[in-house]
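Asks: Next come a sequence and a model predicted from it.
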Amino acid sequence: MLEELRGQIDQLDQQLLTLLEQRLALVREVGEVKREQGLPIYAPDREASMLAQRRAEAEDRGLNPDLIEDILRRCMRESYQQEVGAGSKCLRPGLGKVVVVGGAGRLGHRFVQYFQASGYEVTVLEKDDWPRAEALLAGAGLVVLSVPIDQTLAVIEALPPLPEGCTLVDLTSTKVGPLAAMLAKHPGPVLGLHPMFGPDVSSFAKEVVLYCQGRGDNQWLVEQMMLWGVKMVAVEAAEHDGAMGFIQALRHFTSLAYGIHLMEEGADIPALLTMSSPIYRLELAMVGRLFAQSPELYADIILSNGSHLELIRRFQLRLAKVTELLESRDKAALVARFKEVAAFFGPRAQEFLRESRLLLAQSKDSRRG
């Protein structure tokens, strides 16, 4: 009886595979239509409407709507990857060359792929090509700088004169310095970009890129990236750099310090994972992923702005105060402080709780043993 039921499940799984194959084939056709019509890969209103409708239909059938949404979101993530291959409409067909300085690097290469898929002529300029930089940059309509943080200002300064109408862009995670340097170097259009993702993302869809206006009409480039599914967020350079202290520098510092502490305490990572709850496993994964990446990159991010060190020092002082609170064993004071911070987060605390539950569920699904 059990084997018979399992056989029926296997048959249904085969039907699911066939349906998924058909769905992805339709997605590729959708991608072609979107490219021709100049529509973005990611349509948030369409996605929200479709999910709401499917959830309602699931409830009518007595199915868990969260299950259906999980399945559909995973399908949509795969769909976005499929649509990338179709590219997007080229908004500036007469632009001239797109030159990506550092285009052989991992992040730079992703932008090379997207511009090429959108129909632009793309040239890569690497450090060994610098003797030919003037020739490679001739006729450029867009120059994108994707170089290490600590080399950005020197590369900007070393650029030969660019065509008058050429747009100069950087992808650096700090904005005040590079934006000022680009404005001083190039009299034409200037835009500062900061992709809030790494080169390992499967698709740019739903990813965030912050942009700081420098000079000229750069709306076409903003709209081109929106066609890729990117969420473009305008921000002033000084505001950007202040926020990155919390979003990047402080977060990376705490992960670095925690990793060092685990190492020097001789923590048994496999044993910790065996005994951990899903939430601790996720927290440990977020620390561990830092050490699977470039140490130079994260050192540059933390050291890129003097105010980062000041923020870290203030954090260190507050850690000492919390430690003193624990040493006093004043539970009432600790609870009061907890409630004070909870009030600071307000409704966002419940929102984060819901989001974390979804992450935990996905983490448990992928856990083995």
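Replies: On my side now, so go ahead.

Asks: could you measure the residue nearest the centre of the chain against Ile247, distance?
Replies: Nearest to the geometric centre of the chain sits Phe197, at 2.4 Å (CA atoms, centre = their mean). Distance, Phe197 to Ile247, using CB to CB, to the nearest Å: 12 Å. Yep, even glycine has a C-beta here, placed from its N, CA and C like the rest.

Asks: Could you do Asp128 as well?
Replies: Relative to Ile247, and taking CB to CB, Asp128 is found at 34 Å.

Asks: For these two, indicate the residue with more neighbours.
Replies: Neighbours were counted for Asp128 and for Ile247 using other CB atoms under 10 Å; Ile247 has more, 14 against 8.

Asks: Past whichever helix or strand Lys34 is part of, which element shows up next along the chain?
Replies: Element membership for Lys34, per DSSP states H and E: helix 2-37. For helix 2-37, the following helix or strand on the C-terminal side (DSSP H and E) is helix 44-60.

Asks: would you put the C-alpha positions of that following helix in CSV?
Replies: Presented in CSV, the C-alpha positions along helix 44-60 are these (Å, rounded to 0.1, in the frame of the first residue of the first chain):
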residue,chain,number,x,y,z
PRO,A,44,5.8,44.6,-8.6
ASP,A,45,2.1,45.4,-9.0
ARG,A,46,1.6,42.4,-11.3
GLU,A,47,3.5,40.2,-8.9
ALA,A,48,1.5,41.4,-5.8
SER,A,49,-1.8,41.0,-7.6
MET,A,50,-1.0,37.5,-8.9
LEU,A,51,0.1,36.3,-5.4
ALA,A,52,-2.9,37.7,-3.7
GLN,A,53,-5.2,36.0,-6.3
ARG,A,54,-3.4,32.6,-5.9
ARG,A,55,-3.5,32.9,-2.1
ALA,A,56,-7.3,33.4,-2.3
GLU,A,57,-7.6,30.5,-4.7
ALA,A,58,-5.5,28.3,-2.4
GLU,A,59,-7.8,29.1,0.6
ASP,A,60,-10.9,28.2,-1.5
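
Asks: Please state the mean pLDDT value computed over whichever helix or strand comes after that helix.
Replies: Scanning forward in sequence from helix 44-60 by DSSP H and E, the next helix or strand is helix 65-84. Mean pLDDT, helix 65-84: 78.

Asks: Over to stretch 18-36?
Replies: 82.

Asks: Please tell me how far it is from the chain's geometric centre.
Replies: How far stretch 18-36 lies from its chain's middle: 25 Å, per CA atoms, centre = their mean, to the nearest Å.

Asks: How about stretch 26-39?
Replies: Distance, centroid of stretch 26-39 to centroid of chain: 24 Å (CA atoms, centre = their mean).

Asks: do stretch 267-275 as well
Replies: With CA atoms, centre = their mean, you get 29 Å for stretch 267-275.

Asks: do stretch 125-143 as well
Replies: So, by CA atoms, centre = their mean, the centroid of stretch 125-143 is 28 Å from its chain's centroid.

Asks: Would you work out how far apart the start and end of that stretch are?
Replies: Counting by CA to CA, to the nearest Å, you get 10 Å between the two ends of stretch 125-143.

Asks: quick one: buried residues of it?
Replies: 125, 133, 136-137, 140-143 (16 or more other CB atoms under 10 Å).

Asks: cool, stretch 247-267 as well?
Replies: Neighbour-count burial for stretch 247-267 [16+ other CB under 10 Å]: 248-253, 255-256, 258-259, 262.

Asks: Only C-alpha atoms, please: export it in PDB.
Replies: Output in PDB follows, covering the C-alpha atoms of stretch 247-267 (Å, rounded to 0.1, in the frame of the first residue of the first chain):
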ATOM      1  CA  ILE A 247      24.500  49.200   6.800                       C
ATOM      2  CA  GLN A 248      28.000  48.100   5.900                       C
ATOM      3  CA  ALA A 249      30.900  49.200   8.100                       C
ATOM      4  CA  LEU A 250      29.400  48.500  11.500                       C
ATOM      5  CA  ARG A 251      27.700  45.300  10.400                       C
ATOM      6  CA  HIS A 252      31.000  44.000   8.900                       C
ATOM      7  CA  PHE A 253      32.900  45.100  11.900                       C
ATOM      8  CA  THR A 254      30.700  43.100  14.300                       C
ATOM      9  CA  SER A 255      30.900  40.000  12.100                       C
ATOM     10  CA  LEU A 256      34.700  40.400  11.900                       C
ATOM     11  CA  ALA A 257      35.000  40.800  15.700                       C
ATOM     12  CA  TYR A 258      32.600  37.900  16.400                       C
ATOM     13  CA  GLY A 259      34.600  35.600  14.000                       C
ATOM     14  CA  ILE A 260      37.900  36.600  15.700                       C
ATOM     15  CA  HIS A 261      36.300  35.900  19.100                       C
ATOM     16  CA  LEU A 262      35.100  32.400  18.000                       C
ATOM     17  CA  MET A 263      38.500  31.600  16.600                       C
ATOM     18  CA  GLU A 264      40.400  32.700  19.700                       C
ATOM     19  CA  GLU A 265      37.900  31.000  22.000                       C
ATOM     20  CA  GLY A 266      38.600  27.800  20.100                       C
ATOM     21  CA  ALA A 267      34.900  27.300  19.300                       C
END
